[in-house]
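>>> What follows is a predicted structure for the sequence shown.
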Amino acid sequence: MTDLSTVYLGLNLRNPLVASASPLSRKVDRAQQLEEAGIAAIVMYSLFEEQIIHESLELDHYLNRGSDSFAEALSYLPDGGLYRISPEKYLRHVTSLKKALTIPVIGSLNGVSQGGWTDYARRIEEAGADALELNMYYIPTDIHTTSSDIETMKVDLVAEVKSSIKIPLAVKISPFASSLPNFAKRLVEAGADGLVLFNRFYQPDFDLEELEIVHSLDLSVSSEMRLPLRWIAILYGKLNVDFALTSGVHTYADVLKAMMAGAKVAMMASGLLQFGEELIGSILSYLEAWMKARDYESIKQMQGSMSQSSVREPEAFERANYMKVLNSFHTLP
């Protein structure tokens, strides 16, 4: 029998399919449907640093009525309506999911600065989460801030969060680092048990009629996984850490590629939002059929088999591949 199991963050999973942080985890019954369909673990939607700060400032306002500082203190935060999901409600939902599910539940914190909000890492653990994913979504806009400043800030944050919890910690990062391998190494040294590659940055658009900024969510496509695929393949074997590939996982072929690059799990959300939990069974069936046809006995057998350290042409992941791709293009006569 084909063994689809894998181990991620010390958690024994029945297969490598994980539901990534998204609205999929907002309702207990939807999470149960995902489990019944075969998903191996669920990453909860994120609790944002801004939500915690917003609640803290509101509490301070009501404890100090008559002060005119509240409006000014909140002025640097976006519309409070964005933060209606309170931190306390988030913690209760962690507990509810753990009671309703038998698969691991991974909490998610989204933030970049050090401070009191990181105490919620410990509280998410106390609520029952099996692991924590720290999503460091940050857009540097200050021209005086250096890349070294940003990386040190993130590394220090990982160390702070790790010191406050006993459960495994995964860190979700973006590909925008001057030296991604070195940055990844520093995160692992700071305590990261897993690295999730990569965060998707949502880009604003312009409405030319209303002359306003438009915020829209574009779901991923399979071609987007090439970037994390490449970097996991490069970093595999060089760092003592579990890799998770996210962005662009839609098919069984995407999952196979993620495993061969060296990932322990393939995280998906867009495909599930588009096609529902029925997609999970289809992916797992085709995955198992492909493995049987090629005499693969287990997922673990293929993990890292196409990493840079394992292939006959390791330079394919580097600059030489850039030249080869350009030279392969032929214009029409």
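Perfect, I can see it now. Numbering: from 1, shown residues only.
>>> what about residue 33, helix or strand, and which?
For residue 33, the element it lies in under DSSP states H and E is helix 28-37.
>>> ok, then the element right after that helix?
By DSSP H and E, the next helix or strand past helix 28-37 is strand 41-43.
>>> what about that following strand, average pLDDT?
Averaging pLDDT along strand 41-43 gives 98.
>>> what sits up against that strand?
8, 11, 13, 18-21, 24-25, 31, 34-35, 97, 101, 103-106, 108, 130, 133, 265, 267 (CB atoms under 8 Å, 6 or more residues apart in numbering). The C-beta positions use only the backbone N, C-alpha and C, and glycine is treated the same way.
>>> Pull the distance from it to the chain's centre.
Taking CA atoms, centre = their mean, to the nearest Å, the mean C-alpha location of strand 41-43 is offset from the chain mean by 11 Å.
>>> Sheet partners, orientation included, of the helix or strand following it?
Where DSSP H and E defines the elements, the next helix or strand beyond strand 41-43 is strand 47-48. Using DSSP bridges, the strands paired with strand 47-48 are strand 105-110 (parallel).
>>> can you state the direction angle for the partner strand and helix 28-37?
For strand 105-110 against helix 28-37, the angle by axes from the mean of the first three to the mean of the last three CA atoms, to 10 degrees is 130 degrees.
>>> list the buried ones in the very next helix or strand once past strand 105-110?
Once the chain leaves strand 105-110, the next helix or strand it forms, by DSSP H and E, is helix 119-126. Of the residues in helix 119-126, those buried by neighbour count under the rule 16 or more other CB atoms under 10 Å are 120-125.
>>> which one of these sits closest to residue 91?
residue 123 (5.8 Å; CB to CB).
>>> Run through the residues that contact the closest residue to that closest one other than its chain neighbours.
Nearest residue to residue 123, sequence neighbours excluded (CB to CB, 6 or more residues apart in numbering): residue 91, at 5.8 Å. Residue 91 makes contact with 120, 123-124, 127 under the criterion CB under 8 Å, 6+ apart.
>>> which one of those sits closest to residue 166?
residue 124 (11.9 Å).
>>> still on that earlier bit, now distance to residue 307 too, for the buried residues of helix 119-126, in CSV please.
CSV is the format used below for the buried residues of helix 119-126 (distance: CB to CB, whole Å):
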residue, distance to residue 307
120, 35
121, 31
122, 35
123, 37
124, 32
125, 32
